[in-house]
Each structure stands twice: as C-alpha cells, then as structure tokens.
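Peer 1: After the sequence you'll find the predicted model.
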Amino acid sequence: DEASLLSNYIINYDPDLIIVWYFLNDIQVGGTISYLEPQESKLPAFMNRLAIFETLGRAVNTLSSREEFVSTYTNGYSGIEWNATSQALQLMAATANANDLEILLFVHPVLFNLSNYPFDDIHNQVLNTTIDLGFVSTDLRPAFHGYNDFELWVHESDQHPNEIAHQLAAEYTYSNISDHINCKD
C-alpha cells in the first residue's frame, strides 16, 4: 500500500524527502500475534483439574505460542510475502529515483525478547535489501538497548509500543535524519 500511495499520490506533492517506518509485520503475515493470548490447554482435560498440571499447561501453552509467534514472522520472510514486499520496495526505489528523492527507512523491532532478539536475521534482510535499492536504512534496535521488552509495551498483554518506546524511537530517528533534511528552495 505504501508503494502505491507513494507513486500514485504522495509524489504529486513534490516531497523533499520520504521517510518509511517499517515494522516487521508490514510484510502482512497476518498481523501481530500476541504470544500472551490465552491458548487452549494442550493437556488432557482431567489433568487441567489439578493445580500442578494447570500451571504446567499454561507454561507449555506460553512456550508453544512464543514459538508460533517467532515462526510466523520467520516463515513470512522466506516466502511469497517477502517477494511481494521486495517488489513493493523496488517500486518505491524506482519512484524515488525517477523523482530525485531520498528515502530514509527505519526498521522498528518487534518488542519481544529484546535481550535475546529472535529477529536479527529478518532485520538484516530488510536492511540489506533496502540499502541495495538505494534507501538510507537504519535499524532502530539500538534505540531500545538496555530496556526489557515489557517496559515498552502499551499494556502487559499488548506489545505495541508505549509512550516510552515512541519517545526513544523518535529521538533516535531525529538523530539519524538531521543530516538528510535539505529542503528544496
């Protein structure tokens, strides 16, 4: 959608600079999955009646949900979703080149397990692809260094960025765009 919006609409406003904020779920692999969503127990029904098995069942469900969460993103970046996203990024690059524009792209991390981040390879894939296309691409992971993921969530069951995460990202972004702001006369 962003590629189409840029080439069919935004370009008509004669922009000085294009800034793209890229989230890993922009690939449209089904949107963001919360690994904290309650899951149906994988234990036999009679075991769920005993407290120890109920606790064990929740732990197994959480672990299973986390694995599914990670694999959903990982699989999306090796399939047709990534091919479609790559084509859209190529269209954006062509539009920018044809109009002598610079595109700054910022890759926002999923606020999940930041101390042992499972999506490094995906970030590198997006960064390398967009740099090869001529984008000025920046990874926002360093903006969140030293923070636990849950400190940056909007709610304990919703890992979307809260006001702290937005402020950290905005400050980091500003420090990276100041050299690129040269408005046309």
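Peer 2: Great, that's in hand. Predicted, not measured: the structure shown is a model, and the values here were computed from it.
Peer 1: make it CA atoms for all contacts and neighbour counts henceforth
Peer 2: OK.
Peer 1: okay, and the helix or strand of this protein with the least pLDDT?
Peer 2: Taking mean pLDDT, DSSP states H and E as the measure, the chain has helix 45-48 as its least confident helix or strand, at a mean of 52.
Peer 1: all helices of this structure, in order?
Peer 2: Per DSSP state H, the chain carries helices over the ranges 2-8, 45-48, 51-76, 80-98, 120-132, 163-177.
Peer 1: would you list those in JSON lines and tack on mean neighbour count and distance to residue 112?
Peer 2: Putting the helices of the chain into JSON lines (neighbours: other CA atoms under 10 Å; distance: least, CA to CA, whole Å) gives the following:
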{"stretch": "helix 2-8", "mean neighbour count": "15", "distance to residue 112": "25"}
{"stretch": "helix 45-48", "mean neighbour count": "12", "distance to residue 112": "28"}
{"stretch": "helix 51-76", "mean neighbour count": "16", "distance to residue 112": "9"}
{"stretch": "helix 80-98", "mean neighbour count": "17", "distance to residue 112": "21"}
{"stretch": "helix 120-132", "mean neighbour count": "16", "distance to residue 112": "12"}
{"stretch": "helix 163-177", "mean neighbour count": "15", "distance to residue 112": "13"}
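Peer 1: Now do the contacts for residue 147.
Peer 2: residue 114 (CA atoms under 8 Å, 6 or more residues apart in numbering).
Peer 1: and the gap between it and residue 95?
Peer 2: With distances taken as CA to CA, to the nearest Å, residue 147 is found 37 Å from residue 95.
Peer 1: same question, residue 74
Peer 2: Counting by CA to CA - residue 74 and residue 95 are separated by 29 Å.
Peer 1: With residue 158 instead?
Peer 2: From residue 158 to residue 95 the distance is 36 Å (CA to CA).
Peer 1: picking that back up, among the helices of the chain, which is nearest residue 19?
Peer 2: Ranking these by their distance to residue 19 (criterion: CA to CA) puts helix 163-177 first, at 9.1 Å.
Peer 1: dump the residue contacts of residue 120.
Peer 2: Taking CA under 8 Å, 6+ apart as the definition, residue 120 has no contacts.
Peer 1: With that, I have no additional questions.
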